[in-house]
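1. Okay, sequence plus prediction incoming.
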Amino acid sequence: MILNRFPQPSGSILKALEMLAMLRDGAEMQALEDLSELPHPWEPATCPEHLRAAVWRWCDAVTVWLNTDYAWRPAHLIPPCWPRHPHIARELVVLAFLRWEAEEATGPHLLEDWQRYTYPMFCERMASRLGDSTCRTGRHQNWPAESRVTAYTQPAATAERRAVLAADSDSSTDPAGVLPSTRGGRMLTADLSPEGTRR
């Protein structure tokens with residue numbers, strides 16, 4: 001075969017999509033409970049464990065399909081360590097669902113948009129974020145920014161940020177509610193009292 005079929009989502013994924021479609025269409029809403037709590041499979045963090053596992057297995061099959069049927073240059077290959085890259089995993093799952101949506105369409109327009117815009121832009125972002133890391137050659141490189149993110153979340157740094165943010169909204173530091181601003185190179189005043197208006 002010249003082309004391989006796009007992997008089909010599992011039954012549990014299709015059932016979750018069906019429930020969301022019912023919600024969108026407004027049909028049988030009385031039969032559904034906790035509508036706001038329905039999982040969104042393209043956002044795995046909203047899914048229960050069994051559904052999340054099904055989504056990741058499907059994404060792995062989609063990755064094999066993409067690397068086989070679409071990637072020509074090595075830079076466009078999704079690395080085998082993609083589950084250790086949240087920036088790839090988050091976008092890959094959306095990429096897969098958009099492709100499935102295009103597969104299910106009654107015309108070619110969604111598929112053309114996916115091929116012309118969605119997939120190439122995904123590849124560009126992935127290549128840019130991976131940079132020169134060895135992940136692109138099959139050897140995983142640990143998160144280069146980890147130490148800086150760790151420093152950002154240290155208790156002292158967190159407390160300092162929160163103090164600055166709290167001071168910005170603390171009326172005791174500006175009882176009149178008139179805050180000076182030099183944005184744009186000129187002095188502005190903003191009346192932020194409940195009955196005031198911005199000017």
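-> On my side now, so go ahead.
2. Quick check: phi and psi on the closest residue in space to Pro48 that isn't next to it in sequence?
-> Spatial nearest neighbour of Pro48, excluding adjacent residues (C-beta to C-beta, 6 or more residues apart in numbering): Pro39 at 6.5 Å. Bear in mind the C-beta positions are built from the backbone N, C-alpha and C, glycine included. Torsion angles at Pro39 (phi, psi; degrees, to the nearest 10) stand at phi -70, psi 150.
3. Please name the residues that touch Pro39.
-> With contacts defined as C-beta atoms under 8 Å, 6 or more residues apart in numbering, Pro39 is in contact with 16, 46-48, 51.
4. Looking at these, which is nearest Arg84?
-> Cys47 (19.5 Å; C-beta to C-beta).
5. I'd like to know how many residues surround that closest one.
-> 21 (other C-beta atoms under 10 Å).
6. Leu38 is in contact with that one, correct?
-> No - with contact defined as C-beta atoms under 8 Å, Cys47 does not reach Leu38; the gap is 9.9 Å.
7. ok now stretch 104-114, how far from the chain's centre?
-> 22 Å (C-alpha atoms, centre = their mean, to the nearest Å).
8. I meant stretch 139-156, not that one.
-> Using C-alpha atoms, centre = their mean, the offset of stretch 139-156 from its chain centre is 20 Å.
9. Pull out the buried residues from it.
-> Gln141 (16 or more other C-beta atoms under 10 Å).
10. Also stretch 52-68?
-> 54-56, 58-63, 65-66.
11. And for stretch 92-102?
-> So, applying 16+ other C-beta under 10 Å, buried residues of stretch 92-102: 92-93, 95-100, 102.
12. For the protein, give me the ranges with low pLDDT.
-> Confidence mapping of the chain against pLDDT under 70 gives the ranges 25-36, 171-199.
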